[in-house]
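*Asks:* pasting a predicted model and its sequence here:
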Amino acid sequence: MGKVWLVTGASRGLGREIARAALDAGETVVATARSAEALRDTFGDEQDRFHVLTLDITDAEAANAVAAETTERFGAIDVLVNNAGYAELGFFETFTDAAVRRQFEVNLFGTMNLARAVVPHMRARRSGLIVTISSVSGLVSNAGGAVYSASKFAVEGWMEGFAQEVAPFGIRSLLVEPGMLRTDFMDGKSARFGSIDIPDYAEAVAQYRAFVDGANGNQPGDPKLLAERIVALASQGEAPARLVFGDDARQWAGAKVDQLRQEIARSADGG
Ligand code: NJP
């Protein structure tokens, strides 16, 4: 039967590819998304090793129910893939407070809901792997990405500490920081944009929107490749704590580390 995987946001994009790659590797997969119908359209009928459940990750009760049903049906959850997420793109002052909160509600608190629901089962078995799909935007922030990065920095900070808290119980963590992946992420189907018009930002916002429109569908990162890497790493006894995926992500993350080192050194010299 292989390991039992629980994947969020499996209807599209990276989550769909991870669910597929795990199935192809002979694993058992519980694929979740806000619409079970979308999952069935994608994967076809359920089989012995494949089960579909409806889950909006912002619903803590639903997360608990999904974890309970998965363990009841398959006896365990070996791998939790906290993948579901989206981006509020644009300049901070163009977002309403509600939009910023919605970003955190999904990317941070939704992701925490799944950990709360699943980790007790992993602790009881003294075994498990939590794969968290963060972003290189969880390590580096840029103009136009402040709100999304804030949510992913929060995911990084939470998971970096939480991973150390659960390690003594045999639970491992893999934080994934992709660069730009060819998914629906930048498309109107997923991404949202700041709604407040501020003339001071008009030109920068227009340039940013043009960048996003141009990048949408042309991102260098292949989600299928990343999914296969994740499935391969999950089967290793000693998976790394982080996977920075894509030349773009490694370049941005490397530049950030260099900049931090310089700033730390300058701080030691008295600033
Ligand atoms: O995006 P997309 P990705 N409850 O839009 C689901 C991160 N990432 O695959 O809308 C449950 O194709 C949504 O479901 P639905 C990114 O931050 C990406 O690229 O109902 N599910 C869909 O299945 C995210 O964490 C890039 O059909 C919810 C999925 O999320 C992860 O990768 C770069 C939900 C989104 O599929 C997957 O995103 C990077 C909710 N409340 C990090 N809200 C990139 N693509 O460039 C959304 O560094 N979903």
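*Replies:* Good, I have the coordinates. Given the structure is predicted, the values throughout are model-derived calculations rather than measurements.

*Asks:* all strands for the stretch 101-250 of the chain, in order.
*Replies:* For the stretch 101-250 of the chain, the strands defined by DSSP state E, counting those that start in this stretch cover 128-133, 171-178, 192-193, 242-245.

*Asks:* point out the most buried one among these.
*Replies:* Highest mean neighbour count among the strands of the stretch 101-250 of the chain (mean count of other CB atoms under 10 Å): strand 128-133, with a mean of 25. To be clear about C-beta, it is placed using only N, CA and C from the backbone, and glycine gets the same treatment.

*Asks:* got the CA positions of it in PDB?
*Replies:* Once non-C-alpha atoms are left out, strand 128-133 reads as follows in PDB (Å, rounded to 0.1, in the frame of the first residue of the first chain):
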ATOM      1  CA  GLY A 128       5.500  11.300   9.900                       C
ATOM      2  CA  LEU A 129       6.700  13.900   7.400                       C
ATOM      3  CA  ILE A 130       5.200  17.300   7.000                       C
ATOM      4  CA  VAL A 131       5.900  18.800   3.600                       C
ATOM      5  CA  THR A 132       5.200  22.600   3.600                       C
ATOM      6  CA  ILE A 133       4.900  24.400   0.300                       C
END
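
*Asks:* about what we covered before: of all the strands of the stretch 101-250 of the chain, which lies closest to residue 231?
*Replies:* strand 128-133 (9.6 Å; CB to CB).

*Asks:* neighbouring strands for the closest one, and are they parallel or not?
*Replies:* strand 79-82 (parallel), strand 171-178 (parallel) (DSSP bridges).

*Asks:* export the ones you listed to CSV and append columns for mean pLDDT.
*Replies:* Shown next, in CSV, are the strands paired with strand 128-133 (pLDDT from 0 to 100):
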stretch, mean pLDDT
strand 79-82, 98
strand 171-178, 98
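
*Asks:* same list (the ones you listed) but as a markdown table, adding distance to the ligand.
*Replies:* Below are these laid out as a markdown table (distance: least, CB to the nearest ligand atom, whole Å):
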| stretch | distance to the ligand |
| --- | --- |
| strand 79-82 | 8 |
| strand 171-178 | 4 |
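
*Asks:* so what's the residue lying closest to residue 86 once chain neighbours are set aside scoring on pLDDT?
*Replies:* Closest residue to residue 86 apart from its sequence neighbours, by CB to CB, 6 or more residues apart in numbering: residue 190 at 5.0 Å. With respect to pLDDT, residue 190 scores 96.

*Asks:* show me what contacts residue 190?
*Replies:* Listed by CB atoms under 8 Å, 6 or more residues apart in numbering, the contact set of residue 190 reads 12, 13, 86, 87, 183, 184.

*Asks:* before we move on, what about residue 176?
*Replies:* 131, 132, 133, 134, 226, 230, 242, 243, 245.

*Asks:* in contact with the nearest residue to residue 196 once chain neighbours are set aside, which residues?
*Replies:* Closest residue to residue 196 apart from its sequence neighbours, by CB to CB, 6+ apart: residue 94 at 4.7 Å. Going by CB under 8 Å, 6+ apart, residue 94 touches 193, 194, 195, 196, 197, 198, 201, 205.

*Asks:* tell me the two of the contacts of residue 190 that are most distant?
*Replies:* Greatest spatial distance among the contacts of residue 190 (CB to CB): 12 and 87, at 13.9 Å.

*Asks:* good, we can wrap up now.
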